[in-house]
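Undergrad: Below: sequence and its predicted model.
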Amino acid sequence: MTSPSPSPSQARAQAAAKPKGGSGTKKGPRPKHVPQRMCVVCRDHAAKRALTRLVRVGDGQVEVDPSGRKNGRGAYLCARPECWERALKGELLAKALNTTLPTAVRDHLRDHAATLATPEGAAAEAAAAKENA
Ligand SMILES: [Zn+2]
């Protein structure tokens, strides 16, 4: 162990001066940032696209916003039927949107909830379609 290695201070300087080029130019498999939103009922976070955005477009008027870009105060609900039920039965959604929900709006949203394809529902539908084929 008497090799003429560079002095410790020199070695440290070399390590610090390590060129940065190598990893900086390489495009790593860095995952894309997925915007996360929270269901106002169960407070689960999920990818924005997995949630339904509801937006208040006027006094007591609430619309489903599939684009997620409408102007107005928005709230998100996940695809669970029980979350929609709770949101529409109680004041959770109304509070989240800082408004009151007329019965007509609640009915409309409930209809929309019924059309939501839950993963389980879609799978069951696909299975049923196969059986019929
Ligand atoms: Zn939920």
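TA: Thanks, I have the structure now. These numbers were taken from a predicted model, which means no experiment stands behind them.
Undergrad: can you give me the helices for the chain?
TA: For the chain, the helices defined by DSSP state H cover 8-16, 21-25, 81-89, 92-96, 103-115, 119-132.
Undergrad: dump the residue contacts of the closest residue to residue 83 other than its chain neighbours.
TA: Distance criterion C-beta to C-beta, 6 or more residues apart in numbering; nearest residue to residue 83, sequence neighbours excluded, is residue 41 at 4.0 Å. Using the backbone N, CA and C atoms, a C-beta is placed for each residue, glycine as well. By C-beta atoms under 8 Å, 6 or more residues apart in numbering, residue 41 lies in contact with 77-78, 80, 82-84, 86-87, 92-93.
Undergrad: of all the residues in this structure, which ones are close to the ion?
TA: Of all the residues in the chain, those in contact range of the ion (C-beta under 5 Å from the ion) are 39, 41-42, 78, 80, 83.
Undergrad: follow-up on the earlier one: now tabulate the contacts of residue 41 in TSV and tack on pLDDT and neighbour count.
TA: Formatted as TSV, the contacts of residue 41 follow (pLDDT from 0 to 100; neighbours: other C-beta atoms under 10 Å):
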residue	pLDDT	neighbour count
77	97	28
78	95	24
80	93	16
82	94	10
83	96	23
84	96	23
86	96	16
87	97	28
92	95	17
93	96	25
